[in-house]
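In: Fold the stuff below for me.
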Amino acid sequence: MYLVTTKADRLPSDYQIIMVDGTVPDWEAKPGDLHWDHHRPNGADVQIDEIPAPKERSLLEEQSTDQPACLVTTMVDPDACCAAAWVQLPREVLSDETIAKLKAIAWDCDHLSVPEELEQYAEFAAKAVVALKHSSEGIAAELGLPSERKDWTEDHWQAYSSESFRRGTEWLIAAANGDRPYPGECGEADDYWQQLEADTRMLIDNHRIQLIKTDRGEIAVCDQTHVGHGIDPRSFYQAIPRLRGASTVPLRPEAITVREHRSGGTQYTLGSIPLHPKQHTLDFTQGTFDRLTAAEQAKDPEAGAWGGRRTVGGSPWNTPSQLTIEEIIALLD
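Out: Below is the predicted model:
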């Protein structure tokens, strides 16, 4: 069973919970549940590096209980799918090449780049991430969900995201076993780069990117509200140098994206610019998320917490943010 949720009361009590790539707020593990999350202080760069390797069989088999397994994540993305595949693959399948490919996909998903030791898999990983993200197309219609996503209930979102999580994970498992090509290897992502460039131009032409000056330089803010389709963060990061031109004002490594929260209101992603020379100095887990949470809850005591990992995170999952861009930027320092 695959489940994507941010609500602890939606976790089945009669399953062994295998929680990867994110922690459901207020969840308490029962004996036998497994939990790994690189969204912690000093966490690994990708989720796979938080999870031990199996000894002989799959990690799921080696640490199973008498309950059926439920693989859980808080937000479906290729990194979560890689982690869910990792715990289900037997040791004999996890060759050096398979491990490198899974890690490269996870890196591209979370960092939009790969480290030097995985450079030979950079193009492979970028195409795999795009193909996995687009593999969810058609799920809504197959599940009979309303055509307008603004009309979706929490149950609709859970069904859609959980099915996407299942399909992405099982695609990676099949590929690792040699039963089908990896995502992107059959040209599924070949047209995507044209869309990426179109979205970059749209963000610039529609004035959806602000460069807000602070004492330490400019912070880039991207407004993605009411766009009508998902925008790859690569489009945002590609637009920034074009807007700045020959500016001599320092560009800070932080970047903020604004979207609509599913329940109405505003949701923020606090991220960082890939390959920025000062990206390595960031660690939002060392006080930044705590300050933002305190400010959020000062406005709404029922609000959830800001959270994430060293270089990316965001506002509460289950409640819209009450903070303004100006308040967020002030709290970064």
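
In: Could you list the domains of the protein?
Out: 2-176, 192-332 (automatic domain parsing).

In: and the end-to-end length of the last one?
Out: Domain 192-332 stretches 34 Å from its first residue to its last (Cα to Cα, to the nearest Å).

In: average pLDDT for it?
Out: When pLDDT is averaged over domain 192-332, the result is 92.

In: and what of stretch 157-176?
Out: On average, stretch 157-176 scores 96.

In: Stretch 104-124 too?
Out: pLDDT averaged over stretch 104-124 gives 93.

In: So what touches that stretch?
Out: 45-48, 77-79, 82-83, 100-101, 103, 125-126, 128-129, 132, 172, 182-185, 233-234, 237, 274-275, 309, 311-312 (Cβ atoms under 8 Å, 6 or more residues apart in numbering). Heads up, the C-betas are built off the backbone N, CA and C, glycines and all.

In: For it, list every residue counted as buried.
Out: 104-112, 114, 118, 121, 124 (16 or more other Cβ atoms under 10 Å).

In: Centroid-nearest residue for the chain?
Out: Central residue check for the chain by Cα atoms, centre = their mean: the C-alpha nearest the mean position is that of Asp77, 5.2 Å away.

In: Next, work out how far apart the nearest residue to it once chain neighbours are set aside and Pro183 are.
Out: Leaving aside its sequence neighbours, Asp77 sits nearest to Cys109 (Cβ to Cβ, 6 or more residues apart in numbering; 5.5 Å). Using Cβ to Cβ, to the nearest Å, we find Cys109 at a distance of 11 Å from Pro183.

In: One more: Ile18?
Out: In terms of Cβ to Cβ, Ile18 sits 22 Å off from Pro183.

In: before we move on, back to that, three-state assignment of the residue nearest to Asp77?
Out: Look at Cys109: counting by DSSP: H, G, I helix; E, B strand; the rest coil, its state is helix.

In: same thing with Asp190?
Out: coil.

In: ok so, going back, comparing the domains of the chain, which comes out most buried?
Out: Mean neighbours per residue, mean count of other Cβ atoms under 10 Å, is largest over those for domain 2-176, with a mean of 18.

In: So what's the gap between that one and the chain middle?
Out: Relative to the centre of its chain, domain 2-176 is centred 10 Å away, using Cα atoms, centre = their mean, to the nearest Å.

In: and what of stretch 305-320?
Out: 11 Å.

In: That stretch spans what distance, first to last residue?
Out: 11 Å.

In: that older thread, in JSON lines: the buried residues of stretch 104-124, plus distance to Ala295.
Out: Listed next are those as JSON lines, based on distance: Cβ to Cβ, whole Å:
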{"residue": "Ala104", "distance to Ala295": "37"}
{"residue": "Ile105", "distance to Ala295": "35"}
{"residue": "Ala106", "distance to Ala295": "31"}
{"residue": "Trp107", "distance to Ala295": "32"}
{"residue": "Asp108", "distance to Ala295": "32"}
{"residue": "Cys109", "distance to Ala295": "29"}
{"residue": "Asp110", "distance to Ala295": "26"}
{"residue": "His111", "distance to Ala295": "27"}
{"residue": "Leu112", "distance to Ala295": "28"}
{"residue": "Val114", "distance to Ala295": "35"}
{"residue": "Leu118", "distance to Ala295": "38"}
{"residue": "Tyr121", "distance to Ala295": "40"}
{"residue": "Phe124", "distance to Ala295": "41"}
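
In: And the furthest pair within the residues you listed?
Out: The distance between the two most remote of the buried residues of stretch 104-124 (Cβ to Cβ) is 16.1 Å, for Asp110 and Phe124.

In: show me where the protein has strands.
Out: 2-4, 16-20, 34-36, 69-73, 209-214, 217-223, 251-260, 266-272, 307-309, 312-314 (DSSP state E).

In: about what we covered before: could you pull up the contacting residues of the residue nearest to the centre of the chain?
Out: Asp77 touches Asp21, Cys109, Asp110, Lys133, counting by Cβ under 8 Å, 6+ apart.

In: got it, and Asn318?
Out: Counting by Cβ under 8 Å, 6+ apart, Asn318 has contacts Thr6, Lys7, Pro25, Ser263, Gly304.

In: Please export the C-alpha coordinates of stretch 259-268 as PDB.
Out: Coordinates of each C-alpha in stretch 259-268 appear next as PDB, following Å, rounded to 0.1, in the frame of the first residue of the first chain:
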ATOM      1  CA  ARG A 259       1.800  29.400  -4.600                       C
ATOM      2  CA  GLU A 260      -1.800  29.000  -3.600                       C
ATOM      3  CA  HIS A 261      -2.500  26.600  -0.600                       C
ATOM      4  CA  ARG A 262      -4.900  23.800  -1.500                       C
ATOM      5  CA  SER A 263      -7.300  25.000   1.100                       C
ATOM      6  CA  GLY A 264      -7.000  28.700   0.000                       C
ATOM      7  CA  GLY A 265      -4.500  31.300   1.000                       C
ATOM      8  CA  THR A 266      -0.800  31.200   0.500                       C
ATOM      9  CA  GLN A 267       1.900  28.600   0.600                       C
ATOM     10  CA  TYR A 268       5.600  29.300   0.400                       C
END
